[in-house]
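give me coordinates for this.
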Amino acid sequence: MFSPRARDPLASPATEGNRLFRVPAFVSRGGEWLLTSDSWLLTFPKKGSSMRVAYCLLLTACCLLLVPTLGPAADLPRQPFLDFTYASKVFSEDRHYRLFLPPDYNTSNKAYPVIYYFHGHSDRYTLEKYDDGKDTVPKIAAFVATHPVIVVSVDGYVAREYQGFYGGTPWDIMKNGGDYDFGPYFRELVTFIDGTYRTLTSRRFRATSGLSMGGFMSLYLSARYPDLIGSASSFNPGPEFYVGDKGQRVLWRPKDHTSSHSHTMVRLIRASGDYISQYTEETHDAYARADNVDFEFRQDEYHRHWATSIGETFEFHMRAFARPNLDNVPITWDHDDTYQDFTVWNYHVKSIGSEPAITCFEDVSQGGLRVTTRKWAPDGPPIATRRIIIATAPRYEPGASYLLMDRDFSTGESTKLTLRAAPDGRLTISTDGAGHQFSIIGPGASGQPPVLLSLTDRDVLRLPPDQDVKLPIRIYNPGNAALADVKVVLLSDYPTVQVLKGEVTIPKIEPGASADLSSGLLVRFTAGEGYFARTRLTLDIPYYGVEKNIDVMVIPENVPPPMEVMIMDGRTNTFNVFRQKGNQGGGGSVARKVSEGKGNGNGVLEPGEEATIWVHLHQGMDPFDKDNWYRAKVYSDSPWVTEVGNLEEQKQLEWTSGMERTSVIRLSPNTPHGMRIPLLLDNESWSYVWTPDVRYGVEKLYQARQFHTHHLHRLELVVP
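Sure thing, here's the model as predicted:
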């Protein structure tokens, strides 16, 4: 009656042919017998064995002696959780998990949905490091006690990162990691839980949740495996960590990959006094703008980095469990992935290359897809040398021929190819990483409607205010027949956007061709001071039901020149840089010697050279950050300037592992002499804001928050 297991996976050659039973273990405390999370494994001899009858009689006698001592089952105190291990084939070791079962599990035949909970830094599956087991565990237990749901607390333990039971960095998500991929491990754990307990196994009945680094894991794994997880919640998530194959790790920030959650319910929770609140707000902003994500946000008035409102958040998951549409395979989907071999929505993908990359799928449907690569997110260049092999889901007529229309973004050329569906109904598409728009035409697949081609090879357009701006809008015909009288409408709900010319009709677009609408659509932006202002336009092709958002970052009204810059084109220099003293504020300048760039080292960017650009700031964000230097992130729409490197350095004393991202740029060898090239230089500075006089109730707080800000400058390069 007390054993939670429906089936036990344990087996070995020594017990082959025998039956294994796991029964609960009891311990005597103060003269009272209590149920524990341990258990005894009893091996019954094979049926027909001469020992079987004697074995059964002995066990029956033991039970008869024990039952009167125990008394009625109802009198036993119920432990709210059980701790177990299982043999992981992925990690080749026993792995722990903590199990919270509803009170009627052992007395009913019902199956239950499952929430997988991921812990934060220094903690384990016990969830007791942060609060000695006095808050999170009781809240989870209280919810499970009154709701038909199972909660599994996952263990992120990595032996090399932990000095003891607690106190380490879990989940193996640092840049030098990759030995422990918790993705396949999570899939294995799900298979084990579904095979061992009575669970509801479709996608909508499976959820993830977590705090801090565990909050990151909840968002990341649900984006990596959208076909496995129907809903995800995250308490004050760590903003960015490294994922991908060992040796090819890529910085992953959930805010850069919201489209991977386009068919997942997502909830983000922020504690008002959390020390990484600004990062959580940035993640919140990204998901709130993602109109294809079913997203909720809650802010709790609480003074610590904590999993607040657990009950209400788990109610969010209960609502997801009641949504049958979450079990549907989406008609159209997006997905980003950092691994060389992955499967998503039954598409099998190999993305092969010698350097780190993110493989991006957009608008994948039976009629086609877009596939691109990036060296980094959100604005890295494509990696044309990447070799990508896509085996589609079995959506096509076995043995039938299909026309594949291919628009190569690097050349602007369109080609046609005939494919034949495999006996299982899959098509195989082989391509490179330069960026391609594929359309599939054949039995059951009619291709795609008109397609809006990318407006920039960066993440978004960065455009000036107070000017009439022609948008680089191109409409592509992915079909095998010409399109006639294609009406295109441009709109915006933003008061800072004035659409001067917002409607155009294209007389004809030939198959595989595109129409340039830059002269027919005209807008004007208004901006204030400070930093880039985000706006949005919507492009509508009414007859075909196409509606696409166009995000724009508007450059501030007045962008000052830098106080001083230094171009590192193969030279060495020593800079004064700011170093924080600690999380109680303070700090000062230290000398840092750097050698960067490729060139003659004269401090002038010349054709064919690569360089970083450093900016001298009179005052950074921190009160003690005075007259220091910062390397810049460089933005330019010039065809002569390419960002070839993305330098990621941890912000000194950042508890979040947040990275400062700056640029290595290359000036084309063919740049004409005398060319003037405008650049925008984006520098980030940061600070601990220590407030020793803040209280929560009567409690004096340990309150140190991490904040960061951006400094924007305008620089004009003159090519010698």
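
enumerate every residue touching the spatially closest residue to residue 248 that is not a sequence neighbour.
Nearest residue to residue 248, sequence neighbours excluded (Cβ to Cβ, 6 or more residues apart in numbering): residue 356, at 4.3 Å. Glycine gets a C-beta too; all of them are placed from N, C-alpha and C. Listed by Cβ atoms under 8 Å, 6 or more residues apart in numbering, the contact set of residue 356 reads 244, 248-250, 338, 375-376.

tell me the one among these nearest to residue 223.
Nearest to residue 223 among the contacts of residue 356, counting by Cβ to Cβ, is residue 338 at 10.7 Å.

from residue 441, how far off is the closest one?
Distance, residue 338 to residue 441, using Cβ to Cβ, to the nearest Å: 31 Å.

which one of those two has more residues nearby?
Neighbour count, other Cβ atoms under 10 Å: between residue 338 and residue 441, residue 338 has more, with 23 against 20.

now the more buried one: phi and psi?
Backbone torsions of residue 338, given as degrees, to the nearest 10, read phi -100, psi 0.

for it, what are its contacts?
Residue 338 makes contact with 243-245, 248-250, 252, 356-359 under the criterion Cβ under 8 Å, 6+ apart.

cutoff 6 Å now
If a contact means Cβ atoms under 6 Å, 6 or more residues apart in numbering, then residue 338 has 243-244, 250, 358 as its contacts.

filter the residues you listed to the buried ones?
Those of these that meet the buried threshold are 243-244, 250, 358, by 16 or more other Cβ atoms under 10 Å.

of the residues you listed, which is the nearest to residue 571?
residue 250 (29.5 Å).

residues in a beta bridge with that closest one, which ones?
Listed beta-bridge partners, residue 250: residue 243 (assigned using DSSP bridges).

please enumerate the strands of the stretch 601-720 of the chain.
With DSSP state E, counting those that start in this stretch as the criterion, the stretch 601-720 of the chain has strands at 610-619, 626-631, 633-635, 641-650, 659-667, 676-690, 695-696, 699-700, 704-718.

partners of the third one, with directions?
Strands that pair with strand 633-635, judged by DSSP bridges, come out as strand 676-690 (antiparallel).

closest to residue 699 out of the contacts of residue 356?
residue 249 (40.3 Å).

show me where pLDDT drops low in the stretch 51-200 of the chain?
Scanning the stretch 51-200 of the chain for pLDDT under 70 picks out the ranges 51-78.

same thing but 90
The stretch 51-200 of the chain contains residues with pLDDT under 90 at 51-79, 130.

repeat that for the stretch 201-350 of the chain.
272-273, 275, 291, 301-304.

and residue 251, how many neighbours?
21.

let me see the contact set for it.
With Cβ under 6 Å, 6+ apart, residue 251 has these contacts: 240, 242, 648.

out of the residues you listed, grab the one that's most surrounded.
Tallying neighbours with other Cβ under 10 Å puts residue 240 at the head of the contacts of residue 251, with 22 neighbours.

ok, and the closest non-adjacent residue to it?
residue 253 (4.2 Å).

and this protein, what are its domains?
Domain assignment for the chain, taken from automatic domain parsing, gives 13-70, 82-327, 333-448, 461-474+481-554, 565-718.

where along this protein do the helices fall?
Using DSSP state H, the helices of the chain run over 50-70, 136-145, 182-196, 213-224, 277-289, 310-321.

return the angle between stretch directions for the second one and helix 310-321.
Right, helix 136-145. Comparing the axes of helix 136-145 and helix 310-321 via axes from the mean of the first three to the mean of the last three Cα atoms, to 10 degrees yields an angle of 40 degrees.

show me what helix 136-145 is packed up against.
If you count contacts as 3 or more Cβ pairs under 6 Å, 6 or more residues apart in numbering; DSSP states H and E, helix 136-145 packs onto strand 93-100, helix 310-321.

the longest one - contacts with which helices or strands?
So that's helix 310-321. helix 136-145, strand 231-235, strand 265-271.

can you list contacts of it?
With Cβ under 6 Å, 6+ apart as the test, helix 310-321 has contacts from 113, 115, 139, 143, 205, 207, 230-231, 233, 265, 267, 269.

can you pull the buried residues of that helix?
310, 313-314, 316-318, 320-321.

what's the answer for stretch 82-92, then?
Judged by neighbour count using 16+ other Cβ under 10 Å, the buried positions of stretch 82-92 are 82-84, 86, 90-91.

which one of those is nearest residue 131?
Of all these, residue 83 has the smallest distance to residue 131: 17.5 Å, by Cβ to Cβ.

before we move on, the earlier item: and the buried residues of helix 310-321 as JSON lines, adding distance to residue 510?
What follows is these, written out as JSON lines (distance: Cβ to Cβ, whole Å):
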{"residue": "310", "distance to residue 510": "58"}
{"residue": "313", "distance to residue 510": "53"}
{"residue": "314", "distance to residue 510": "55"}
{"residue": "316", "distance to residue 510": "49"}
{"residue": "317", "distance to residue 510": "50"}
{"residue": "318", "distance to residue 510": "53"}
{"residue": "320", "distance to residue 510": "46"}
{"residue": "321", "distance to residue 510": "49"}
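
can you redo the contacts of residue 251 as TSV with distance to residue 484?
TSV is the format used below for the contacts of residue 251 (distance: Cβ to Cβ, whole Å):
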residue	distance to residue 484
240	47
242	50
648	49
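
ok, those vs residue 680, which is closest?
Comparing the contacts of residue 251 against residue 680 with Cβ to Cβ places residue 648 closest, at 19.8 Å.

from what I can see the closest one touches residue 659, true?
Yes: assessed by Cβ atoms under 6 Å, residue 648 is found in contact with residue 659 at 4.3 Å.

so residue 199 touches residue 115, yeah?
No: checked against Cβ under 6 Å, the pair residue 199 and residue 115 is beyond contact range at 11.1 Å.

neighbour count for these two, which is higher?
Each of residue 199 and residue 115 has its neighbours counted (other Cβ under 10 Å); residue 115 has more, 29 against 19.

so how far is residue 176 from that one?
Relative to residue 176, residue 115 is positioned 31 Å away (Cβ to Cβ).
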